[in-house]
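Novice: Structure of the sequence below:
(chains A and B)
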There are 2 protein chains.
Amino acid sequence: MLDPSRGRAATITSPASATVFTMVLTQGPVSRVEIARRTGLSSAAVTKAARPFIDAGYLFEMAATERTGPGAGRPASPLAIHPDREFFVGVKITDDDLIGVVTDLRAQVVEEAHRSLSARTPEHVVAELKALADELLGRAPGYRERCHSLGLAISGDVDKSTGLVRYSPFLRWHEVPLGELARAATGLTVTVENDVKALTVAEHWFGEGVGASSFALVTVGLGIGCAVVVDDRLVAGARGVAGEIGHVPVGGDSPPCHCGGHGCVEAIAGTPAVVAAARAALGDETLTLDGAMAAARSGSPAAMAVFARAGEAIGRAMAAMANLIGPERIIVSGDMPGLAAYELFEDQLRAAFTQQAFGAAADCRLILRPSPFEQWARGAAAVAIQTLFTLQER
Amino acid sequence: MLDPSRGRAATITSPASATVFTMVLTQGPVSRVEIARRTGLSSAAVTKAARPFIDAGYLFEMAATERTGPGAGRPASPLAIHPDREFFVGVKITDDDLIGVVTDLRAQVVEEAHRSLSARTPEHVVAELKALADELLGRAPGYRERCHSLGLAISGDVDKSTGLVRYSPFLRWHEVPLGELARAATGLTVTVENDVKALTVAEHWFGEGVGASSFALVTVGLGIGCAVVVDDRLVAGARGVAGEIGHVPVGGDSPPCHCGGHGCVEAIAGTPAVVAAARAALGDETLTLDGAMAAARSGSPAAMAVFARAGEAIGRAMAAMANLIGPERIIVSGDMPGLAAYELFEDQLRAAFTQQAFGAAADCRLILRPSPFEQWARGAAAVAIQTLFTLQER
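Specialist: Below you'll find the model as predicted:
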């Protein structure tokens, strides 16, 4: 059906072309009349913007099936997307493995693969990245021809505009030009983003965020992370710092946090803090998180109290965020092993949120659900998709 | 110079007309070429958008004085504003008086007046509002002819779109249609806004916020308030709740707060909490805020500690906000009597902010300055100006 020999679509060239394509991608099928209504563009502008994407095989006109509203004189032919017109590789980089996916244009995962890391040097990680991408793109004919973009998600301080990893604590990287290295190795266009932001982009364009003017995503794991979308834009922070919910001081004067502050939610509810508290509470210096969860599930009041305190701290920090920003909904997610403990603190989290949220902020919908690493890799692919179809600032 | 018999400008009719007029109003004088460059509009669109405002006497072309850049073939004639083409009345409503101002188009205060309230009923307040507006507009010829808008700023939960005061704790108002009542009494177009948001609008269009893509304003007084501008828009909250920095739980488990939460900064650093703490610390149940400040200034360690704790709580809550949102700068302001105590807690506020801010968020500029009630009234006028020149959502 598709002719892969066709050129790629003309890149996004105007705000109108970004708006129209994005609307069909994230909310389609949708008629031109409806696009014009929602965006305020003229019908002619919608048609002009859609044309290059139709010519290049990204969009197509569905058969006319319905009239839209009393004023419409002609039947509407909704615009829809060919999801397999282009593929994207997304990789989540952790401190000991790479989790990779191939997705289609709608960020649906069509392939998955993992590789363990035997070292944390940028050279080794990039070599494994190339091997992983080759493995993924070799799995079916057409992937390689229709894939030009690689998205990478990594925890830490990332400059997305240049692909520079300024600081990644778990990998112990400083100033690593990951985007450049990965581009040279793979030949793909590379986008690098902070992993929490990447997960948020996937929700924003392809998940719970669709149709919400604002939402927040909170991740629970080694750290407590957060990213916020307001007025349909990811809040970036004037100095690159935003969404640092982990350092909301909900604990009063204690405990001290690695950030230099005190009482931070991360110092109470991050995995290392939970394990340390459980070891102290149970008098077992070798206890693991799994052991602490097992103790709590078997009814140990001391172990249960540790998880309860973590849930309360997270709920209070989320309430502070909701009080300040007022998101329509909050998605609470996390990586392994943080997410496995949900059942042990969900009640306390919800209760603390409700108690500390101000007025109508307490009505904010909380959606708790795990995000295995494949979801983070999908987030990386979503960032590559979003980058390709967003008008880049000059 | 101006002909007051001319009609008012055609109201804002398109995004382009709002963009162009607002840019000249808040950043002018500015040439058409520069407007086109900054907004992405074509030169023709800029000229078309400016025309009705020139015809109606709001904008004028300055004499050509300079060439703008190497590519410009013709000298630039910057567009500038006639600030006295229209006037606005702004009123801050407190629980015992009305503070009113007249401003020009640029929100420069040209008149001020006060009226005491002998009752807090909506009827009495509206009657005094009318008397105050009459007094202000009668002070100079031309005010009345060129003033069509009244802005009101009031603490509490306000629905700006309808002018309804849902709840104002200090006035003990519930569901008061203040906008309607004031319009009927004065004959002016009335806009009602929460007072902290009004002060923020004045900063956004005519103060520290000009040129900043994001900033926050924090007010210290009876309560601890906040409003945040991100990507040039006031964050409103999906349920009308946003900027509630007063209920960031910086104090851990205590003290309890009137909101139902605990450890809230407002329960530590709001004026009533400070007075209560000073009374307890000094063993004087009749102590006033003035008395507590006098004791601290005369070196009483117990009194000094009360203000130090308030400053620390505010600084920690501001850091939580900066960590989450990353504003370019934060303006710390307040009403009487909160602002009078600044010197007693500014050091602690700054130190706590720096300690709790995460990474580069600590570099956020803090601007501490008082806002006497006239500034809040000016904010109300700024809201009226902004409402008049913003394209209203359909």
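Novice: any idea which element the residue nearest to the spatial centre of chain A lies in?
Specialist: Nearest residue to the geometric centre of chain A (C-alpha atoms, centre = their mean): A:Leu199, 1.0 Å. Using DSSP states H and E, A:Leu199 maps to helix A:195-206.
Novice: can you list contacts of whichever helix or strand comes after that helix?
Specialist: Next helix or strand after helix A:195-206 toward the C-terminus (DSSP H and E): strand A:215-220. For strand A:215-220, contacts defined as C-beta atoms under 8 Å, 6 or more residues apart in numbering or on different chains pick out A:196, A:199-200, A:203-204, A:208-209, A:224-229, A:243, A:245, A:269, A:314, A:318, A:321-322, A:325, A:327-335, A:338-339, A:342, A:371. Where you see a C-beta, it was placed from the backbone N, CA and C, and this is true even at glycine.
Novice: I'd assumed A:Pro370 was in contact with the residue nearest to the centre of chain A.
Specialist: No: the pair A:Leu199 / A:Pro370 is not scored as a contact, 11.7 Å apart, by C-beta atoms under 8 Å.
Novice: What residue in the stretch 51-200 of chain A comes nearest to chain B?
Specialist: Of all residues in the stretch 51-200 of chain A, A:Asp157 sits closest to chain B, at 7.2 Å by C-beta to the nearest C-beta.
Novice: Next secondary structure after the longest helix along chain A?
Specialist: Looking across chain A with DSSP state H, the single longest helix is helix A:301-325. The C-terminal neighbour of helix A:301-325 among helices and strands, as given by DSSP H and E, is strand A:329-334.
Novice: could you check the angle strand A:215-220 makes with that following strand?
Specialist: Taking axes from the mean of the first three to the mean of the last three C-alpha atoms, to 10 degrees, strand A:329-334 and strand A:215-220 form an angle of 20 degrees between their directions.
Novice: Please save the CA atoms from strand A:329-334 in CSV.
Specialist: This file holds the C-alpha atoms of strand A:329-334, laid out as CSV (Å, rounded to 0.1, in the frame of the first residue of the first chain):
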residue,chain,number,x,y,z
ARG,A,329,-4.9,14.9,36.7
ILE,A,330,-1.8,13.3,38.1
ILE,A,331,-0.3,10.1,36.9
VAL,A,332,1.7,8.3,39.5
SER,A,333,4.1,5.9,38.0
GLY,A,334,7.5,4.5,38.6
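Novice: What residues sit buried inside that strand?
Specialist: Neighbour counts over strand A:329-334 (16 or more other C-beta atoms under 10 Å in any protein chain shown) mark A:329-334 as buried.
Novice: Which single one of the residues you listed is nearest to chain B?
Specialist: Nearest to chain B among these, counting by C-beta to the nearest C-beta, is A:Arg329 at 8.0 Å.
Novice: Beta-bridge partners for the closest one, please?
Specialist: Beta-bridge pairing for A:Arg329 (DSSP bridges): A:Phe215, A:Arg365.
Novice: residue ranges with poor pLDDT in the stretch 1-150 of chain A?
Specialist: A:1-10, A:64-75 (pLDDT under 70).
Novice: okay, and the common contacts of A:Leu199 and A:Pro370?
Specialist: With contacts taken as C-beta under 8 Å, 6+ apart, the residues that reach both A:Leu199 and A:Pro370 are A:Ser333.
Novice: Which of the helices or strands spans the closest residue to chain B within the stretch 101-250 of chain A?
Specialist: Using C-beta to the nearest C-beta, A:Gly237 is the residue of the stretch 101-250 of chain A that sits closest to chain B, at 2.3 Å. In the assignment (DSSP H and E), A:Gly237 maps to no helix and no strand.
Novice: Ok, A:Gln348 next?
Specialist: Secondary structure assigned from DSSP H and E places A:Gln348 in helix A:342-356.
Novice: hang on, isn't A:Ala202 packed against A:Ala377?
Specialist: No: using C-beta under 8 Å, A:Ala202 is not in contact with A:Ala377, being 9.7 Å away.
Novice: Please identify which of the two sits among more neighbours.
Specialist: A:Ala377 (32 against 28; other C-beta atoms under 10 Å in any protein chain shown).
Novice: Name the SS class of the more buried one, please.
Specialist: helix (DSSP: H, G, I helix; E, B strand; the rest coil).
Novice: Does it touch A:Phe88 like I think?
Specialist: No: the criterion here is C-beta under 8 Å, and A:Ala377 misses it with A:Phe88 at 10.5 Å.
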